[in-house]
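Asker: based on what follows, work out the 3D shape:
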Amino acid sequence: MNLHCRIIVILIAVLVPGMISGSMQAQPNGLFFLSDCQQPRFGEKIFLKAYKNKEGRDSVFAHLERENPASLFILGDMVAKGSSKKKWKAVDKFLGKMKSEGTRIYAIPGNHEYMGKDSKGLANFRLRFPGQSIYGYRVKTDSFAVVMLNSNFRRMELKHRKQEYDWYLAVMDSLDADPAVKTILVCTHQAPFSNSKIVGSSAEVMQAFVPRFETSPKAKLFISGHSHNLEYFADNRGKHFLVCGGGGGLAQPLYTGNKAPYKDRVDRRKVPLFFYVQIIPMSSDIEIKAEGFSHDFSRQSLVLPNR
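Answerer: Numbering: from 1, shown residues only. Presented below is the predicted three-dimensional model:
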């Protein structure tokens, strides 16, 4: 190779990372979180008002496909009835598209994945997410560690609940001691704190997982779904709790003002109706951004306070 050709190759390698190996590589764009994409069931519509939920879910899916994230974490309730193969069709199309573009997808089951018949629902879940334990696993990406936990305690045998709890304590100890890990995110489906009038807070999640989260020097954010809302809380220790259940399920009313059990830091006037959440690493912190669509399906973005 002559000098002129060498210079061209060096310039390509510097200006277009990934091309020299024969393929373009997606640049890191943070971690993406999605929850509660299930379509409304007939019984739910009796109590809650439907509003273009299929269109909302499909719009969120399409926007995520265009974003082409490196990693996507799905926090349960992907479908209305986990045991029904028919209910998985739209989600399967979305998952297939994302995986074909190189997105790594991680998931935990929500209560809807158990609906119909537990064994069939979990079999459908495992088919789509092989190798991901439904009783807890962790993902390390760059300086982040994401701990994924099953919070469907009432559908789990006591031995599996204990197995998951013991594993959780051990993995948090390991991550706290790992110098390569700077930030730990803990994820469940059911939220330890929520102002939802429909599902409320999970005392079981609060008791099982929050204490170790709060004692970890690296754990910054506890992320969940179940409440079909964007909610954001901070406790007196500076720990943050995020609810990101905007994937397409029926909107749930919230307790507000003096009736709200917890002080929500979200400006409710600016909340997207359907959305996902993006966690963007900063030099010494993280940025939390909800990306989605308003009632008229115009694009809507909201950056949450990180202090």
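
Asker: mind jotting down where the helices sit in the stretch 151-300 of the chain?
Answerer: Taking DSSP state H, counting those that start in this stretch as the criterion, the stretch 151-300 of the chain carries its helices at 158-177, 203-208, 210-215.

Asker: how about the ones you listed in TSV, adding mean neighbour count, distance to Tyr135 and mean pLDDT?
Answerer: All C-beta spots, glycine's among them, are computed from the backbone N, C-alpha and C. Output for the helices of the stretch 151-300 of the chain, formatted as TSV (neighbours: other CB atoms under 10 Å; distance: least, CB to CB, whole Å; pLDDT from 0 to 100):
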stretch	mean neighbour count	distance to Tyr135	mean pLDDT
helix 158-177	15	4	98
helix 203-208	16	13	97
helix 210-215	16	16	97
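
Asker: make JSON lines from the ones you listed and add distance to Lys49 to it.
Answerer: JSON lines is the format used below for the helices of the stretch 151-300 of the chain (distance: least, CB to CB, whole Å):
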{"stretch": "helix 158-177", "distance to Lys49": "35"}
{"stretch": "helix 203-208", "distance to Lys49": "28"}
{"stretch": "helix 210-215", "distance to Lys49": "32"}
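
Asker: who are the contact partners of Ala145?
Answerer: 138-139, 175, 178, 181, 183-185, 218 (CB atoms under 8 Å, 6 or more residues apart in numbering).

Asker: just the buried members of those residues?
Answerer: Buried by 16 or more other CB atoms under 10 Å: 138-139, 175, 181, 183-185, 218, out of these.

Asker: for these, work out which two are farthest apart.
Answerer: Val139 and Lys218 (14.7 Å; CB to CB).

Asker: separation between Lys81 and Ala123?
Answerer: To Ala123, Lys81 is 13 Å away according to CB to CB, to the nearest Å.

Asker: swap in Cys187?
Answerer: 22 Å.

Asker: show me which of these two is the more surrounded one.
Answerer: The residue with more neighbours, out of Cys187 and Ala123, is Cys187; 27 against 12, by other CB atoms under 10 Å.

Asker: shaky segments in this structure?
Answerer: Applying pLDDT under 70 to the chain picks out residues 1-28, 283-284, 307.

Asker: ok now do the residue nearest in space to the middle of it, which residues does it touch?
Answerer: By CA atoms, centre = their mean, the chain has its centre lying nearest to Phe33, at 3.0 Å. Contact partners of Phe33, counting by CB under 8 Å, 6+ apart, are 72-75, 187, 223, 244, 276-279.

Asker: among those residues, who's most crowded?
Answerer: That'd be Leu75 among the contacts of Phe33, by other CB under 10 Å, with 31 neighbours.

Asker: how near is the closest residue to that residue other than its chain neighbours to Leu48?
Answerer: The spatial neighbour of Leu75 that comes closest, neighbours along the chain excluded (CB to CB, 6 or more residues apart in numbering), is Ser35 at 3.9 Å. Ser35 sits 17 Å away from Leu48, going by CB to CB.

Asker: again, but for Glu164
Answerer: Using CB to CB, we find Glu164 at a distance of 31 Å from Leu48.

Asker: counting neighbours, what do you get for the closest residue in space to Gly246 that isn't next to it in sequence?
Answerer: Among residues not flanking Gly246 along the chain, Phe275 sits closest, at 3.9 Å (CB to CB, 6+ apart). Other residues near Phe275 come to 28 when the count uses other CB under 10 Å.

Asker: need the contact list for Phe275.
Answerer: Phe275 is in contact with 60, 230, 244, 246-247, 290-293, 300, counting by CB under 8 Å, 6+ apart.

Asker: same thing but at 7 Å, please
Answerer: Contacts for Phe275 were tallied using CB atoms under 7 Å, 6 or more residues apart in numbering; they are 60, 230, 246, 290-292.

Asker: do you know how far Leu48 is from Arg128?
Answerer: For Leu48, the distance to Arg128 (CB to CB) stands at 27 Å.

Asker: now do Asp285
Answerer: With distances taken as CB to CB, Asp285 is found 34 Å from Arg128.

Asker: so which of these two has more stuff around it?
Answerer: Arg128 (17 against 12).

Asker: what sits against the more buried one?
Answerer: Contact analysis of Arg128 by CB under 7 Å, 6+ apart lists Leu95.
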